[in-house]
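J.: I would like the atomic coordinates for the input below:
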Amino acid sequence: MIPLSPSLSPSLERFLADMEYPAMKDDLTREAARDGLPDEDLAALHALPDGGYDARCRLRDALLSLQHSSGLVAA
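T.: Numbers count the residues shown, from 1 in each chain. Just a heads-up that it's a prediction; the model follows:
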């Protein structure tokens, strides 16, 4: 069996694509809650280190790193 590469949920990917950058963690979590993202996506954003993200790719890398370190894989 081929291992799956880490990925984010489709809803979180869409949210990241629509977000304006730079963005602070507080901006991300507030907008995600306002947009009605699923609890799993909100939890992933809340688990990010405090601070700012200047581009989607940096935020995505941070989320994938958290996912990898916690052993979580999106369905």
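J.: List the neighbours of the biggest helix by length in the chain that are in contact with it.
T.: Secondary structure of the chain per DSSP state H: the longest helix is helix 56-70. Defining contact as C-beta atoms under 8 Å, 6 or more residues apart in numbering, one finds that helix 56-70 is touched by 6-8, 12, 16-17, 19, 21, 23, 28, 44-45, 47-49, 53, 73-74. Any C-beta I mention is one placed from the backbone N, CA and C, and that applies to glycine too.
J.: In contact with the residue lying closest to Asp50 once chain neighbours are set aside, which residues?
T.: Once flanking residues are discounted, Asp50 sits nearest to Lys25: 5.4 Å by C-beta to C-beta, 6 or more residues apart in numbering. For Lys25, the contact set (C-beta under 8 Å, 6+ apart) comprises Leu45, Leu48, Pro49, Asp50, Gly51, Gly52, Tyr53.
J.: what's the fifth one sitting at in phi/psi?
T.: It stands for Gly51. For Gly51, the backbone dihedrals (degrees, to the nearest 10) come out as phi 140, psi -170.
J.: how near is the nearest residue to it once chain neighbours are set aside to Ala47?
T.: Using C-beta to C-beta, 6+ apart and skipping residues adjacent in sequence, the residue nearest Gly51 is Lys25, 6.2 Å away. Using C-beta to C-beta, to the nearest Å, we find Lys25 at a distance of 10 Å from Ala47.
J.: re the thing from before, give me the pLDDT value at the residue nearest to Asp50.
T.: Listed pLDDT for Lys25 reads 97.
J.: got it, and Arg34?
T.: Confidence at Arg34, expressed as pLDDT, is 98.
J.: pLDDT weak spots in this protein?
T.: 1-6, 71-75 (pLDDT under 70).
J.: Can you show me the helices along the chain?
T.: Taking DSSP H, the helices of the chain run over residues 10-18, 25-35, 39-46, 56-70.
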